[in-house]
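sequence first, predicted model second:
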Amino acid sequence: MDIIEILKQDYQRFPRNQTYSIYAPDVYFQDPLNKFRGVERYKQMINFIQTFFINPKMDLHDIQRLQDKIKTEWTLSWNTPLPWKPRISISGWSELSLNSDNLIVSHIDYWNCSRLDVIKQHFFS
């Protein structure tokens, strides 16, 4: 199956049953909160989202491939397990780099908002 189709399916069922075999073992991951290497650490982060957040959802708006680069545009939303269960939403994009085996070696997420904006959503929505 084509990596674009795999990614589309992963976004639809995120964070459940992600296809980790499309990542290189030493994949580099970065977002505004994290920076690390390794598919095992990436699995732990996804598992945290699945365990801690309520109703996590990843809406894929666009996905494009240009040679060894893939860009996705998305919105991640969830309810935080606070007594009032605020619905939090982060829109952003990911830049994925592929190696010669078509495995993702770099996954960098960018947010269209600041970390402070995300914190504010918990209290002023």
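Alright, I've got the coordinates.

strands of this structure, start to end?
All strands of the chain, identified by DSSP state E, fall at 23-30, 35-37, 54-66, 69-79, 87-98, 104-111.

buried ones in the longest one?
To tie it back to what came earlier, the one meant is strand 54-66. 56, 57, 58, 60, 63 (16 or more other Cβ atoms under 10 Å). Every residue, glycine included, has its C-beta placed from N, CA and C.

make CSV out of those and add pLDDT.
Conversion of the buried residues of strand 54-66 to CSV gives the following (pLDDT from 0 to 100):
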residue, pLDDT
56, 97
57, 97
58, 97
60, 98
63, 98
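
tell me which of the strands of the chain sits nearest to residue 11.
Comparing the strands of the chain by their distance to residue 11 (Cβ to Cβ), the top pick is strand 54-66, with 4.0 Å.

which residue sits closest to the most centrally placed residue in the chain, ignoring its sequence neighbours?
With distances taken as Cα atoms, centre = their mean, residue 109 lies nearest the centre of the chain, 7.0 Å away. Sequence neighbours aside, residue 31 is the residue nearest to residue 109 in space, at 3.8 Å (criterion: Cβ to Cβ, 6 or more residues apart in numbering).

just the buried residues of the helix of greatest length in the chain, please?
Ranked by residue count, the top helix of the chain under DSSP state H comes out as helix 39-52. Neighbour-count burial for helix 39-52 flags 39, 42, 46 (criterion: 16+ other Cβ under 10 Å).

output it in PDB with nothing but the alpha carbons.
C-alpha atoms of helix 39-52 as PDB (Å, rounded to 0.1, in the frame of the first residue of the first chain):
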ATOM      1  CA  VAL A  39      10.000   4.800  17.000                       C
ATOM      2  CA  GLU A  40       9.600   3.300  20.500                       C
ATOM      3  CA  ARG A  41       9.500   6.800  22.100                       C
ATOM      4  CA  TYR A  42       7.000   7.900  19.400                       C
ATOM      5  CA  LYS A  43       4.800   4.900  20.300                       C
ATOM      6  CA  GLN A  44       4.900   6.000  24.000                       C
ATOM      7  CA  MET A  45       3.800   9.500  23.000                       C
ATOM      8  CA  ILE A  46       0.900   8.200  21.000                       C
ATOM      9  CA  ASN A  47       0.000   5.900  23.800                       C
ATOM     10  CA  PHE A  48       0.000   8.800  26.200                       C
ATOM     11  CA  ILE A  49      -2.500  10.700  24.000                       C
ATOM     12  CA  GLN A  50      -4.700   7.600  23.800                       C
ATOM     13  CA  THR A  51      -4.600   7.000  27.500                       C
ATOM     14  CA  PHE A  52      -4.800  10.600  28.900                       C
END
